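Sequence first, then the predicted structure, then my questions.
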Amino acid sequence: MVLAWQRRWMSDDGLIVLRTVRQILAGNGPVFNVGERVEANTSALWTAVLGLVGWIPSVSLEWIAVIVGLVFSAGGLFLALDGARRLAGACRLHRRVSGGRALCPGVAAVS
């Protein structure tokens, strides 16, 4: 997590999402510029998440995006590791039941 914090950055698409979220919070809807009704971003879910937590006072939207992104990244890593653990456990159980003749290519790819 420390390394992720040291290597944090935001792409141009992330800045477009921040601008769109600011417009939503200002009451102008999901637009880049007021009065221009075009689809402005590529990630509706990320825009919705930032829109929900963007109302926190005295914290800039940029820091909220970085912190929420790091939390989601850590959560995704945890879920991936948990899935690999479950897959490996299911494969071991299947080998025991089949007398060691079962092949588990998923474990080889994850291990």
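The structure has been received and is ready for your questions.

How much space separates residue 65 from residue 85?
When distance is defined by CB to CB, to the nearest Å, residue 65 is 30 Å away from residue 85. The C-beta positions use only the backbone N, C-alpha and C, and glycine is treated the same way.

same thing with residue 11?
Counting by CB to CB - residue 11 and residue 85 are separated by 32 Å.

Looking at the two, which one has more neighbours?
residue 85 (11 against 8; other CB atoms under 10 Å).

buried ones in the helix or strand hosting that one?
Assessed by DSSP states H and E, residue 85 sits inside helix 61-98. Buried residues in helix 61-98, counted by 16 or more other CB atoms under 10 Å: 61, 64-66, 68-69, 87, 91.

Equivalent analysis for stretch 13-20, please.
Quick answer for stretch 13-20 (16+ other CB under 10 Å): 14, 16-20.

could you point out where the protein is predicted with low confidence?
By pLDDT under 70, the low-scoring segments of the chain are 1, 3-5, 7, 9, 90-111.

center of it - which residue?
residue 72 (4.6 Å; CA atoms, centre = their mean).

returning to that earlier point: ok, the buried residues of stretch 13-20 vs residue 49, which is closest?
residue 17 (9.8 Å; CB to CB).

and after the helix or strand containing the closest one, which helix or strand comes next?
Assigned by DSSP H and E, residue 17 belongs to helix 12-25. Using DSSP H and E, the helix or strand that follows helix 12-25 in sequence is helix 44-53.

tilt between that next one and helix 61-98?
With axes from the mean of the first three to the mean of the last three CA atoms, to 10 degrees defining the directions, helix 44-53 sits at 120 degrees from helix 61-98.
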